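Trainee: Could you look at this predicted model? Sequence included:
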Amino acid sequence: MKENYLAVALTKRDVGEADRLYTFYTKEEGMLFVGAKGVRKMGAKLAAHTEDYMLTRIVIAKNFGPGTLAGAYSEKSSIQIRGDYDALCTLERIRGIFIRLMRSQQQDKYVFDLLVDLIDAIEQSVKQTSSKTKDLSEESYRPQEYLGSAFLLKLYESMGYRFPLDECAVCEKSLEPEKNFFSAYDGGVLCSGCARNMPHSLPLDVDTLKAMRLINTHDFSQAQKVIITKRIASQLQLITDHIATWVLR
Ligand SMILES: [Zn+2]
């Protein structure tokens, strides 16, 4: 029996002399772990259509167990990402968290589309920045890392982890426009008074909190348009990593 899937190739691992084990996130069944026989031998076309982060149509032959990869044809190959170190670093961080969170074989079209949108958005941002001269000033800060964090916040939200962003999670007072803190272990955003005794709390600037509110209230494609600074991007990275640790605890 053969089954067709639309899939994002996430990772691959060599097994034995010529075989591979692939991890795909599919539109039809969520995460799939599939073996491929002889894929590394000369002339194996499958390999060219199953590179990391490609959107690809795959055919899986199912006789017993998880099945084996019988065919693949890439729909989007995201060429720009492959040559961009920053983009690859961001995607590697996101992929690591994503694979640990999405273990189950369960269809989730929202998450599938979100993943495809993230890869598209990163591909586009590499295209845009590579046409300009490389400049390390705040204004021209590369947005890939922000895109990755916005994706994770949307992913957490879809899993039911949505944090209130208007009041302190402990004392419930309205948050002042000043430096606040974040701790998923203590319910989300904390005012400075309440954060004092919380060992997990991370700093949260006014602008970072604004960015989180915007991501909360807009869909991913709209949230991409925010202008952010390197400082906001790095706070969001710490916070989204922290939430992953908390979810997976
Ligand atoms: Zn408080």
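Mentor: Cool, got the structure.
Trainee: hey, where'd the strands end up in this structure?
Mentor: Along the chain, counting by DSSP state E, strands occupy 2-15, 19-26, 30-36, 55-61, 68-76, 180-183, 188-190, 202-204.
Trainee: mean confidence for the fifth one?
Mentor: Within the predicted structure, the mean pLDDT of strand 68-76 is 93.
Trainee: Go through it and flag the buried ones.
Mentor: For strand 68-76, a neighbour-count test (16 or more other CB atoms under 10 Å) marks 68-70, 72, 74 as buried. C-beta: built from backbone N, CA, C; applies to glycine.
Trainee: export the residues you listed to JSON lines and tack on distance to the ion?
Mentor: As requested, the buried residues of strand 68-76 are arranged in JSON lines below (distance: CB to the ion, whole Å):
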{"residue": "T68", "distance to the ion": "55"}
{"residue": "L69", "distance to the ion": "52"}
{"residue": "A70", "distance to the ion": "57"}
{"residue": "A72", "distance to the ion": "52"}
{"residue": "S74", "distance to the ion": "50"}
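Trainee: If we only consider those residues, which is nearest to Y22?
Mentor: When the buried residues of strand 68-76 are compared for distance to Y22 (CB to CB), L69 comes out closest, at 6.4 Å.
Trainee: ok, what's across the strand from the closest one?
Mentor: Beta-bridge partners recorded for L69 (DSSP bridges): I60.
Trainee: can you offset everything so residue one is 11?
Mentor: With 11 as the first residue, the last one maps to L79.
Trainee: wait, doesn't it sit right on G45?
Mentor: Yes: between L79 and G45 a contact is recorded at 7.0 Å, counting by CB atoms under 8 Å.
Trainee: thinking again about what came up before, now the two most distant members of the buried residues of strand 78-86.
Mentor: Going by CB to CB, the pair spanning the buried residues of strand 78-86 furthest: T78 and S84, at 18.6 Å.
Trainee: what residues are up against Y120?
Mentor: For Y120, the contacting residues are S168, by CB atoms under 8 Å, 6 or more residues apart in numbering.
Trainee: could the strands of the chain go into JSON lines alongside distance to K183?
Mentor: Shown next, in JSON lines, are these (distance: least, CB to CB, whole Å):
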{"stretch": "strand 12-25", "distance to K183": "42"}
{"stretch": "strand 29-36", "distance to K183": "41"}
{"stretch": "strand 40-46", "distance to K183": "40"}
{"stretch": "strand 65-71", "distance to K183": "46"}
{"stretch": "strand 78-86", "distance to K183": "47"}
{"stretch": "strand 190-193", "distance to K183": "11"}
{"stretch": "strand 198-200", "distance to K183": "10"}
{"stretch": "strand 212-214", "distance to K183": "15"}
